[in-house]
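Q: the following comprises the amino acid sequence and a computationally predicted model.
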Amino acid sequence: MKFILLFLALLLVIGVGVWVLTGQEESTPETNIQTENNEHEKEEVFAVTEAMATSIIRNALDDRFDEKTATYTVANLDGHNGPELIIGAAGSNIATILVVSISEPTGAYEHMGATTYQEFLRDVPEVRDLQDITGDGRDELFISLGYGGASSDVHGFLQADPQEKKLAWIQLRDPNNQMRDAIFLMGGSVTHTETVQVLDINGDGKKEIAELFSQIGKPYDQENSSPSKQAGELWCIARVYQWNGSSFDFNRALSEQFLESLGPSCAI
Ligand SMILES: [Ca+2]
Ligand SMILES: [Ca+2]
């Protein structure tokens, strides 16, 4: 009798063992498929809905900034792991540009850098263009920092560093050899206009930053340090900045080349 009980107990143990092993074998392929799906999802670029963006803006901005007037642009600044959101917002004399990386289609995000500054004009910053101007394959941010109507507007260039989670102004070396943030305060009037744009002046496939001023009357002494030419009633002044690996440096030869390439009225 004892032997029969032992035999039955043994059968039970073997049975349970086989059932567990079979169950594991069956579940193993499912686990693999699950892992593949997760990996696939990470590489997937998903759509950012307006509701998702609004919710992120509300969470990401602190109470110094007005979330209702905030602007946003969807970008891919790091080349993987889903889209980034570039948010521009302003408060009382203060404005910010911040980048968050949206890691999941649910709207979960990570902070990827921010720059906060005193407002130049009472306006909300907004992305004007995303372009790789440093030639490393990653886009820089060309931002409108404020628009003051016909008389003035402000633009700036920012570089995002996804690894360091930093967002910093691109550095510029001006004609007087001074380093400064790549922020351009453009004045404009009937007698004076200024523009800033990204162009390949010398056709080498790399982008330069070009400033062009035109005004009635000969430039003042200080502005004489930049190449200028007379075009009818107008005087045109050009400043071209070339990337040197860490900053955009004023380049006199390229500035002259740029001026020469312009038509009689200094139009591009
Ligand atoms: Ca770049
Ligand atoms: Ca070039």
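A: Structure's in. What do you need? Residues are numbered from 1 along each chain as shown. Ligands and ions are numbered 1, 2, ... in the order given.

Q: drop to CA atoms for contacts and neighbour counts, all remaining ones
A: OK.

Q: contacts for stretch 92-104, please.
A: 42, 64-65, 81-90, 108-119, 122, 124-125, 167 (C-alpha atoms under 8 Å, 6 or more residues apart in numbering).

Q: from those, which land in strands?
A: 84-90, 109-118, 167 (DSSP state E).

Q: buried ones among these?
A: Buried members of these, counted by 16 or more other C-alpha atoms under 10 Å: 84-90, 109, 111-114, 167.

Q: so which of these comes closest to ligand 2?
A: Ligand 2 has its nearest neighbour among those in residue 167, at 24.5 Å by C-alpha to the ion.

Q: so how far is residue 75 from the closest residue to ligand 2 within the stretch 51-200 of the chain?
A: At 4.1 Å from ligand 2, residue 200 is the closest residue in the stretch 51-200 of the chain, using C-alpha to the ion. Distance of residue 200 to residue 75, computed by C-alpha to C-alpha, to the nearest Å: 23 Å.

Q: repeat for residue 141
A: For residue 141 relative to residue 75 (C-alpha to C-alpha), the value is 10 Å.

Q: apart from its neighbours in sequence, what residue is nearest residue 181?
A: residue 171 (4.9 Å; C-alpha to C-alpha, 6 or more residues apart in numbering).

Q: residues in contact with the one you found?
A: Going by C-alpha under 8 Å, 6+ apart, residue 171 touches 179-182, 246-248.

Q: ok, residue 170 next?
A: Here residue 170 is in contact with 157-159, 181-182, 247-248 (C-alpha under 8 Å, 6+ apart).

Q: hang on, the earlier thing: my read: the residue of the stretch 51-200 of the chain closest to ligand 2 touches residue 207, true?
A: Yes - contact criterion C-alpha atoms under 8 Å: residue 200 and residue 207 qualify, at 4.5 Å.

Q: more crowded one of these two?
A: Ranked by neighbour count (other C-alpha atoms under 10 Å), residue 200 and residue 207 place residue 207 first, with 21 against 15.

Q: nearest residue to residue 215 other than its sequence neighbours?
A: residue 192 (4.3 Å).

Q: do residue 219 as well
A: Among residues not flanking residue 219 along the chain, residue 235 sits closest, at 7.1 Å (C-alpha to C-alpha, 6+ apart).

Q: so who does the residue sitting nearest the centre point of the chain touch?
A: Geometric centre of the chain, nearest residue: residue 141, 3.9 Å, by C-alpha atoms, centre = their mean. Contact analysis of residue 141 by C-alpha under 8 Å, 6+ apart lists 127-131, 157-160.

Q: export those residues as JSON lines, with columns for secondary structure, neighbour count and distance to residue 71.
A: As requested, the contacts of residue 141 are exported to JSON lines (DSSP: H, G, I helix; E, B strand; the rest coil; neighbours: other C-alpha atoms under 10 Å; distance: C-alpha to C-alpha, whole Å):
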{"residue": "127", "secondary structure": "strand", "neighbour count": "21", "distance to residue 71": "8"}
{"residue": "128", "secondary structure": "strand", "neighbour count": "15", "distance to residue 71": "11"}
{"residue": "129", "secondary structure": "strand", "neighbour count": "15", "distance to residue 71": "14"}
{"residue": "130", "secondary structure": "strand", "neighbour count": "18", "distance to residue 71": "15"}
{"residue": "131", "secondary structure": "strand", "neighbour count": "15", "distance to residue 71": "19"}
{"residue": "157", "secondary structure": "strand", "neighbour count": "25", "distance to residue 71": "17"}
{"residue": "158", "secondary structure": "strand", "neighbour count": "21", "distance to residue 71": "16"}
{"residue": "159", "secondary structure": "strand", "neighbour count": "21", "distance to residue 71": "18"}
{"residue": "160", "secondary structure": "strand", "neighbour count": "23", "distance to residue 71": "18"}
